[in-house]
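S.K.: build me a model:
(2 chains)
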Amino acid sequence: NAGVTQTPKFRVLKTGQSMTLLCAQDMNHEYMYWYRQDPGMGLRLIHYSVGEGTTAKGEVPDGYNVSRLKKQNFLLGLESAAPSQTSVYFCASRKDKTYNEQFFGPGTRLTVL
Amino acid sequence: QQQVKQSPQSLIVQKGGISIINCAYENTAFDYFPWYQQFPGKGPALLIAIRPDVSEKKEGRFTISFNKSAKQFSLHIMDSQPGDSATYFCAARKDLDSNYQLIWGAGTKLIIKP
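M.R.: Residues are numbered from 1 along each chain as shown, chains lettered A, B, ... in the order given. Predicted structure coming up:
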């Protein structure tokens, strides 16, 4: 089992460019999450999904969109990147509401110039 | 009400010593308190967790102490080893209405000196 994988690992964008981050999990988990991690601020939830075809806003959703067309994939999109979106992005999955543990991917380091 | 405050921001401990990281919360509806460990270049991984109906949970060298009345909980690492050098995050779980989201502390960078 690969667990949670994220693509790409690194990316540099110019202001105004768009991109999509892909998260995939092979554990048949229902819940998936996108976080951003910034120094001194811990993990902040961007969007999450409680099942295929569902998405919901987290703490810091502005400037991001998500889609969960397949249960195993959770995509995070940046339509018009801004320097404030420079961060490390983590995807996580969780089996369902009865299990508490979140399993994290290795992260994507995004720099917006 | 929804914050989890974590301290210290960074901590240096000698090998063999005890590392202590503290977290405080305000919302009494939180019902699950995990600690995650993150090594450089990796995602966080669950280390140990506790529910508010117990005051202490121990797994090997790692212990969570929970003080419900003070709304505080802490991670103790006994006999700290260089391999424990990592960033540690505390978190608290919100209620059913938010699909049990986690609220995260800001993290503590722990360095164990040989």
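S.K.: B:Lys54: how many residues sit nearby?
M.R.: Slight slip there: residue B:54 is Val, not Lys. By the measure other C-beta atoms under 10 Å in any protein chain shown, the count of residues near B:Val54 is 10. (Each C-beta comes from the backbone N, C-alpha and C, glycine too.)
S.K.: is it true that it touches B:Ser65?
M.R.: No - counting by C-beta atoms under 8 Å, B:Val54 does not reach B:Ser65; the two are 10.2 Å apart.
S.K.: for chain B, what spans make up the helices?
M.R.: Assigned by DSSP state H, the helices in chain B number zero.
S.K.: how about the residues of it near chain A?
M.R.: Within chain B, the positions adjacent to chain A are B:6, B:9, B:32, B:34, B:41-46, B:49, B:89, B:93, B:96, B:99-102, B:104-107 by C-beta under 8 Å from any C-beta of the partner chain.
S.K.: those residues in strands, which ones?
M.R.: Among the residues of chain B next to chain A, the members found in strands (DSSP state E) are B:6, B:34, B:45-46, B:49, B:89, B:93, B:102, B:104.
S.K.: buried only: go through the residues of chain B next to chain A for me.
M.R.: Buried members of those, counted by 16 or more other C-beta atoms under 10 Å in any protein chain shown: B:6, B:34, B:43-44, B:49, B:89, B:93, B:99-102, B:104-107.
S.K.: for whichever residue of chain B sits closest to chain A, what are its contacts?
M.R.: Nearest to chain A, among the residues of chain B, is B:Gly43, at 3.0 Å (C-beta to the nearest C-beta). Residues in contact with B:Gly43, defined by C-beta atoms under 8 Å, 6 or more residues apart in numbering or on different chains, are A:4, A:90, A:92, A:104-107.
S.K.: do the same with A:Ala92
M.R.: Residues near A:Ala92 by C-beta under 8 Å, 6+ apart: A:4, A:32-33, A:35, A:102-105, B:43.
S.K.: roughly how far out does the helix or strand of chain B with the lowest mean pLDDT sit from the chain middle?
M.R.: Here the helix or strand of chain B ranked lowest by mean pLDDT, DSSP states H and E is strand B:102-104, holding a mean of 92. Centre-to-centre, strand B:102-104 and its host chain are 11 Å apart (C-alpha atoms, centre = their mean, to the nearest Å).
S.K.: same check, this time on stretch A:7-22
M.R.: Taking C-alpha atoms, centre = their mean, one finds the center of stretch A:7-22 at 12 Å from the center of the full chain.
S.K.: can you give me the end-to-end distance of that stretch?
M.R.: 5 Å (C-alpha to C-alpha, to the nearest Å).
S.K.: partners of B:Ile64 in the sheet?
M.R.: Residues in a beta bridge with B:Ile64, per DSSP bridges, are B:Lys57, B:Leu75.
S.K.: that one: neighbouring residues, count only.
M.R.: Neighbours of B:Ile64 (other C-beta under 10 Å): 23.
S.K.: check B:Met78 too.
M.R.: Neighbour count of B:Met78, defined by other C-beta under 10 Å: 13.
S.K.: I figured it hits B:Ile18, correct?
M.R.: Yes - counting by C-beta under 8 Å, B:Met78 touches B:Ile18, with 5.8 Å between them.
S.K.: which regions of chain B lie under the pLDDT threshold?
M.R.: Counting by pLDDT under 70, chain B contains low-confidence residues at B:1-2, B:96-99.
S.K.: ok, now which ones touch the residue sitting nearest the centre point of chain A?
M.R.: Residue closest to the average C-alpha location in chain A (C-alpha atoms, centre = their mean): A:Trp34, at 2.9 Å. Residues near A:Trp34 by C-beta under 8 Å, 6+ apart: A:21, A:23, A:45-48, A:58, A:64, A:66, A:74, A:76, A:89-91.
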